[in-house]
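Asks: Quick one, fold the following:
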Amino acid sequence: GWHTECVVMSLDLLGEGFDLHGGGIDLAFPHHENERAQAVAAGHAFARHWVHNGWVTVDGTKMSKSLGNITTLGEFLERHDARAYRLLVLRARYRSPFEVTPETVVDAEKALERLDTAARRFSVGELLDQTESGYIAAGTPPAAAIEPDALADACARLSPKALYLNPTLQNPTTLTVPATRRGEIAATARRYGLPIVEDDAYGFIPPHGPAPFAAIAPDLTWHIAGLAKCIGAGVRAAYVVAPDARRGWPFAAAVRAANVMASPFMVALATRWIEDGTADQILRFIRAETAARQALASEILPPGSFKADPLSFNIWAGLPAGWTRSAFSGHMRSTGIGVVASDAFTAGGEPPEAVRVCLGGPTTRAALRHALEYMAHALTESPAAAFAFL
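Replies: Okay, here's the model as predicted:
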């Protein structure tokens, strides 16, 4: 029966003499041999080529529903990069079984990171640029990135001492400056001898973000990063990469004068976590949880009411007419999530009527859903109507 069903479907959908018929290696006999026998006996040309793939296994055992050891592709992609799964499949010969275990997935993810690093090193990484609207083609800068011509004009008129940048998942807009624009900014800074202070607190969050300024213009860049954002707020370990040793010496002396030393316990803990893979596991969890919370925001809030990168810890929401940023922040205070008015992020000029809404922190998805539903109601109502909603 099932042999005949497959013959009928194949010939109906693909026609006679189709090129390729695939399936698991356990289907070669009797299923596939019976398919071919029935089709040929009925006078039809069947598949020209047969490809039998090895089993997907878990700890040496075939993955199957009957054994209860199955992981759906959807479940896998909730926790891991889709490209890591593709690489995991490609690394196995098609007729051989391949293992899908935490260890093999981690190994594939590490291999993928090495490939991404090599791609960026040889200027292929522009294809991986990311902005607030997702992945983009090379050379398309985000609207809020620094304009090289404006930077050159400022350098000529004002002779600034340094350029400060938060180029990856910028707080609060969540924008990431793509590789092409980073190169243009670095070239302008080099032309004017302008040092770059790169605040890269979120640099480890994107699994394949653009190369840091420290890699593009190492002779100009003071690269500042740490573990508080990508591992945990309690891990107070950070580092600075100076442009060269000569400029690093006085900086190190100033740090010692102010702080004596980094916490030995914290540095030892961070080192162990990095070496034994705990840091990588935490980072993958943070990425997955952040993506899930961003998905909640996209599901609940009105379309177009905010901007956010899929891996950012916050959203940037412009407020509708009638709302002021102070009134909206006060209205959201009872929800338990952090809402900060744009004043905190404005260096000069009039702040926009916008707020930064934190999706991270010690809250559950259920509590976050409730807060976002409360926020969605406020964004679609006047302040008077929203304040009446309990």
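Asks: shaky segments in the chain?
Replies: Counting by pLDDT under 70, the chain has low-confidence residues at 117-145, 384-390.
Asks: and the longest helix for it?
Replies: Across the chain, the longest stretch assigned as helix under DSSP state H is helix 278-300.
Asks: who does the next helix or strand along the chain from it pair up with?
Replies: Once the chain leaves helix 278-300, the next helix or strand it forms, by DSSP states H and E, is strand 306-307. According to DSSP bridges, strand 306-307 forms sheet pairs with strand 314-318 (antiparallel).
Asks: Compute the inter-axis angle for the partner strand and helix 278-300.
Replies: 30 degrees (axes from the mean of the first three to the mean of the last three C-alpha atoms, to 10 degrees).
Asks: List of residues touching strand 314-318?
Replies: 171-174, 294, 297, 301, 305-308, 352-360, 375, 379 (C-beta atoms under 8 Å, 6 or more residues apart in numbering). C-beta: built from backbone N, CA, C; applies to glycine.
Asks: Same question for stretch 230-248.
Replies: 195, 202-205, 214, 218-228, 251, 262-263, 266-267, 269-270, 273, 279, 282-283, 286.
Asks: need the helices for the chain, in chain order.
Replies: 2-14, 33-41, 73-79, 82-90, 102-121, 148-158, 179-191, 213-216, 245-259, 264-276, 278-300, 325-332, 365-379, 383-387.
Asks: related to what we said a few turns ago, just the buried subset of the contacts of stretch 230-248, written out for PyMOL, thanks.
Replies: Here is the PyMOL command that selects the buried residues among the contacts of stretch 230-248 (16 or more other C-beta atoms under 10 Å):
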select buried, resi 195+202+203+204+205+214+220+221+222+223+224+225+226+227+269+270+273+279+282+283+286
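Asks: first vs last residue of stretch 196-216, how far apart are they?
Replies: This stretch, stretch 196-216, spans 11 Å end to end (C-alpha to C-alpha, to the nearest Å).
Asks: Buried ones in it, by neighbour count?
Replies: Applying 16+ other C-beta under 10 Å to stretch 196-216 flags 196-216 as buried.
Asks: cool, and stretch 53-62?
Replies: N53, G54, W55, V56, T57, V58.
Asks: again, but for stretch 233-244
Replies: Neighbour-count burial for stretch 233-244 [16+ other C-beta under 10 Å]: V235, A237, V241, A242, P243.
Asks: Could you do stretch 7-21 as well?
Replies: V7, S10, L11, H21.
Asks: Contacts for it next, please.
Replies: Counting by C-beta under 8 Å, 6+ apart, 32, 35, 38-39, 42, 44-51 sit against stretch 7-21.
Asks: Go again with 10 Å.
Replies: 6, 27, 32, 34-40, 42-52 (C-beta atoms under 10 Å, 6 or more residues apart in numbering).
Asks: Extract the C-alpha set from it and format it as PDB.
Replies: What follows is stretch 7-21, C-alpha atoms only, in PDB (Å, rounded to 0.1, in the frame of the first residue of the first chain):
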ATOM      1  CA  VAL A   7       4.800   5.900  -6.600                       C
ATOM      2  CA  VAL A   8       1.600   7.700  -7.500                       C
ATOM      3  CA  MET A   9       2.600  10.900  -5.600                       C
ATOM      4  CA  SER A  10       6.100  10.900  -7.200                       C
ATOM      5  CA  LEU A  11       4.900  10.500 -10.800                       C
ATOM      6  CA  ASP A  12       2.000  12.900 -10.300                       C
ATOM      7  CA  LEU A  13       4.100  15.700  -8.800                       C
ATOM      8  CA  LEU A  14       7.500  15.200 -10.500                       C
ATOM      9  CA  GLY A  15       6.600  13.400 -13.700                       C
ATOM     10  CA  GLU A  16       8.300  10.300 -15.300                       C
ATOM     11  CA  GLY A  17      12.000   9.900 -15.200                       C
ATOM     12  CA  PHE A  18      12.600  12.500 -12.500                       C
ATOM     13  CA  ASP A  19      16.200  13.100 -11.500                       C
ATOM     14  CA  LEU A  20      16.600  12.400  -7.800                       C
ATOM     15  CA  HIS A  21      14.800  10.300  -5.100                       C
END
